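> no FASTA, just this:
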């Protein structure tokens, strides 16, 4: 195979791209030459080896599943990550105005936690700081991959750094530049989009009572809402991260509500499980779609993260699925590299895709069906849905399987017996 500048180039240095680079480094024991190209300036490397933690009430967060914790533990970054994250000990699922509910606990699974909530800034800084201490991982920032040309056993990438442009070669390029991926579009890879005609509103909420590690998933007549436990922001006030979906026709109305009106409507829909809702932070909104790339692998190319599949946030599955994809791909590439096999070989990349096909299909269906079931307010379906919640709550085996699926653990995997 031809000699290239890099073994793998990752186009996109966000949480997925950084996790992929970390996984490639870990599984190859630093033997792969990796370049990460990121459009935004990166924070400086902490001289102490530990990035600064700057608490903010408005910080955006990500829910990490139990399965994701296992991956980061294996890669050696979990001890630092867990210094500033909140543990999900219990998840309460309910349907407003109906009798059905289910309580899922880490204790019943024999786990330390069902999942964790980490601020995006802390997660990103920990990953980047860890990676940039390793000589075999290079970062180019701010810069972008402006073009990809696939050759025989290699790909040539055009890199744009300000006014300067140069070409490099790599065995494999991982496209991880987000759901609106310009590189995916440039390669002519189509995407299938299912529009939910919904709007997600995200914000942090201060509550009268401490969350005690509870996460809440509540289905309302307008759409599902989730409240996830957050670490204290330093003020001593308990915080939870809110994701609330509305019909897209309400977009302007909801974003125009005053903080007082928003909190009052949230209190009416959520109830008083956390006492009075005292403060809401800066709100943001985005339209909801299920997007799936029609191709995830080609010769010398693999599409990752939201560029490959972007899911509804109701079940918190998107980033965790992307992390499992990255872990699976990295293991396969590290083994192939040790055997001196071409990393961009289509047969090899198809093996990766086949290994993740069941996980991707089940996770996508789980998220999509959950959204459909709980967004439909027809009376007959409401009765069936709530009977299902009741049945799930009193059937330990079924509940255990449901929790494992939500935690990103595939049936039969070694993690299932942890």
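Structure received. Remember, predicted model here, so these are calculated numbers, not experimental data.

> show me where the stretch 51-200 of the chain has its helices.
66-74, 78-81, 106-109, 120-131, 182-186 (DSSP state H, counting those that start in this stretch).

> mean pLDDT for these: which is lowest?
For the helices of the stretch 51-200 of the chain, the weakest mean pLDDT is recorded on helix 106-109, namely a mean of 81.

> name the residues of that helix that are buried.
Residues of helix 106-109 classed as buried by neighbour count (16 or more other Cβ atoms under 10 Å): 106, 109. C-beta: built from backbone N, CA, C; applies to glycine.

> which other helices and strands does that helix contact?
helix 396-406 (3 or more Cβ pairs under 8 Å, 6 or more residues apart in numbering; DSSP states H and E).

> can you tell me the strand partners of the longest strand anywhere in the chain and which way each runs?
Longest strand in the chain by number of residues (criterion: DSSP state E): strand 191-207. Under the criterion DSSP bridges, strand 191-207 sits next to strand 238-247 (antiparallel), strand 277-280 (antiparallel), strand 284-293 (antiparallel) in its sheet.

> quick check: which of these is buried the most?
Comparing the strands paired with strand 191-207 by mean neighbour count (mean count of other Cβ atoms under 10 Å), strand 238-247 ranks first with a mean of 22.

> burial measure for the closest residue to residue 140 other than its chain neighbours, as a count.
Excluding its sequence neighbours, the residue lying closest to residue 140 (Cβ to Cβ, 6 or more residues apart in numbering) is residue 37, at 4.9 Å. Other residues near residue 37 come to 26 when the count uses other Cβ atoms under 10 Å.

> do residue 164 as well
As a burial measure, residue 164 scores 8 neighbours (other Cβ under 10 Å).

> offset the numbering so it begins at 803, please.
Understood, numbering begins at 803; the last thing we discussed is residue 966.

> separation between it and residue 1006?
Between residue 966 and residue 1006 the distance is 40 Å, computed by Cβ to Cβ, to the nearest Å.

> in the chain, where's the longest helix?
With secondary structure taken from DSSP state H, the chain has its longest helix at helix 1148-1177.

> quick check, distance from that helix to the centre of its chain.
Between the mean C-alpha location of helix 1148-1177 and the chain-wide mean there is a distance of 14 Å, by Cα atoms, centre = their mean, to the nearest Å.

> next: stretch 1063-1076.
Centroid separation for stretch 1063-1076 versus its chain: 27 Å, with Cα atoms, centre = their mean.

> likewise stretch 852-861?
19 Å.

> endpoint to endpoint, that stretch covers what distance?
Its start and end residues considered, stretch 852-861 measures 19 Å (Cα to Cα, to the nearest Å).

> buried residues, it. List them.
In stretch 852-861, counting by 16+ other Cβ under 10 Å, buried: 853, 857, 859, 861.

> just to revisit the earlier point, show me the one of the strands paired with strand 993-1009 that comes nearest residue 887.
Closest of those to residue 887 is strand 1040-1049, at 11.8 Å (criterion: Cβ to Cβ).
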